[in-house]
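Engineer: this is a predicted model, with the sequence first.
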Amino acid sequence: MRGHSIFSIIVVLLCCTCVDRISFDVGATSTFPIVIEGYISDQPGPYQINVSKAFDIESKQSFKSPISVKQLVITDNLGNSETLSETVPGTYQTSAGGIRGVVGRSYKLKAELLDGRVYESLQDTLLTSGTVDDVYFIFKAEKDQDGATFYGFDVLFNSTAGEKSDFHFLWQFVGTFQVDTNPELHKENCGQTKCPKPRPCSSYIVNNFGELEWVKPCECCTCWSNIYNDSPIVSDNQFVEEGRFHAVEAGYVPVNQWTFMYKVHAEVRQMSLSPRAFAFWKAIKSQKQAVTSLFQPVTGKVPTNFIQLSGTEAQIEGLFYATAITKKSVFITRNDVPLGSIIPEQNLPFEDSCLSLFPNSTTKKPDFWQ
């Protein structure tokens, strides 16, 4: 049971956050459990579905490896459907102008594996999302065991359930900040000293005179990195008063030389859930809390909404669900930090690609960044 619970926890690591996958060539997929995860929403696509295999579920650590499948198809209750395309191994995506979720319709995902197994999710109805009314932040200072002071912002929100009466929601926090690095300053050992060795993605090369020479615009000097909430935030009735959720904690933004090199875009997304999807996310939250507790054992089974239609019987985990999304955001600027001097100075440049500085980074400027 403990091995299965740890395996279940792995599911959330890809559902809630953006992480690098660990790939192993371990043979036939029929030997291993399968994980399928993703959703369709009322927001414009494309939508992404991840498929992977998990193994060694009896050990204290489980690993997931992305796999390719024969076909993935999303279908609604009116007969509309779309076959997803593989973008990288194990990651499938709808087209930009393809199928889109509609409130009131129900959706399912059918997966055909290369070994002949076929899985299908149960129909999941897309329910209304309500509204995120306010997003705000509170500055805080905390001391660690050694007496050092750390600064940051708690991000909170108020929201309304709207027409829903069951109060089943999942909330996601995404904090985005911009960082600049200097990959042209990268050096490598050459004898007793270090010689200039600009990263290929930088603007510079070393010319025949041993000098840095600008040759092109930099491709990895500026990145936008994301911070996510550590654990799923699901609507439990302790938050709600007459259909309104008040002062719910969404996430935390640390104050350091990187996050506040410029500013932070703090966004809260409210996602509607069917009772089955709510049960999944609530179980994931319980598992996450148990892992961080010294006194609570990891127990219980995370539910899945997939059934196997054909092929050699094998375990499947994960969730495919339909959701309506509403969101609201706010910028936290350097001026919002009391006594701006507490923001550490960026004394030493980072002499590498900005993509290697933080996980969940991109060189593509977000549309909301001003």
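Structural biologist: Sure, I can see it. Numbering: from 1, shown residues only.
Engineer: gap between the most far-flung residue of the chain relative to its centre and Pro196?
Structural biologist: Of all residues in the chain, Phe209 has its C-alpha farthest from the mean position, at 45.9 Å, by C-alpha atoms, centre = their mean. Relative to Pro196, Phe209 is positioned 11 Å away (C-beta to C-beta, to the nearest Å). (Glycine included, C-beta is placed from N, CA and C.)
Engineer: now Gly90
Structural biologist: Relative to Pro196, Gly90 is positioned 39 Å away (C-beta to C-beta).
Engineer: between the two, who's got more neighbours?
Structural biologist: Set Gly90 next to Pro196 and count neighbours by other C-beta atoms under 10 Å: Gly90 wins out with 21 against 16.
Engineer: thought that one was touching Gly38?
Structural biologist: No - shown here, Gly90 and Gly38 do not form a contact pair, counting by C-beta atoms under 8 Å, at 11.4 Å.
Engineer: give me the common contacts of those two.
Structural biologist: Listed contacts common to Gly90 and Gly38 are Asn50; contacts here mean C-beta atoms under 8 Å, 6 or more residues apart in numbering.
Engineer: ok, now which ones touch Asn305?
Structural biologist: Ser121, Leu122, Asp124, Arg276, Ala277, Phe280, Leu319, Phe320, Tyr321.
Engineer: and the fourth one, how many neighbours?
Structural biologist: In other words, Arg276. Close neighbours of Arg276, defined as other C-beta under 10 Å, add up to 18.
Engineer: which strands and helices sit next to the strand or helix carrying it?
Structural biologist: Element membership for Arg276, per DSSP states H and E: helix 275-291. When contacts are defined as 3 or more C-beta pairs under 8 Å, 6 or more residues apart in numbering; DSSP states H and E, helix 275-291 packs onto helix 2-16, strand 169-180, strand 233-234, strand 316-323.
Engineer: report the angle between the axes of the helix or strand that comes right after that helix and strand 316-323?
Structural biologist: Next in sequence after helix 275-291, counting helices and strands by DSSP H and E, comes strand 306-310. For strand 306-310 against strand 316-323, the angle by axes from the mean of the first three to the mean of the last three C-alpha atoms, to 10 degrees is 120 degrees.
Engineer: buried set for the one helix or strand Asp133 maps to?
Structural biologist: Of the helices and strands defined by DSSP H and E, Asp133 is found in strand 131-143. By 16 or more other C-beta atoms under 10 Å, the buried positions in strand 131-143 come out as Val132, Val135, Phe137.
Engineer: got the angle between it and strand 169-180?
Structural biologist: Using the same axes, to 10 degrees: strand 131-143 against strand 169-180 is 60 degrees.
Engineer: tell me the helix or strand right after the lowest-mean-pLDDT helix or strand in the chain.
Structural biologist: Every helix and strand of the chain was ranked by mean pLDDT, DSSP states H and E. The lowest is helix 2-16, at a mean of 40. Following helix 2-16 in sequence order, the next helix or strand is strand 34-41 (DSSP H and E).
Engineer: show me what that next one is packed up against.
Structural biologist: Counting by 3+ C-beta pairs under 8 Å, 6+ apart, strand 34-41 packs on helix 2-16, strand 48-55, strand 106-112, strand 118-121, strand 316-323.
Engineer: list the buried residues in stretch 85-92.
Structural biologist: By neighbour count on 16+ other C-beta under 10 Å, the buried set for stretch 85-92 is Gly90, Thr91, Tyr92.
Engineer: pull the number of nearby residues for the closest residue in space to the second one that isn't next to it in sequence.
Structural biologist: On the basis of C-beta to C-beta, 6 or more residues apart in numbering, the spatially nearest residue to Thr91 that is not a chain neighbour turns out to be Asn50, at 5.7 Å. Counted with other C-beta under 10 Å, the burial measure for Asn50 works out to 19 neighbours.
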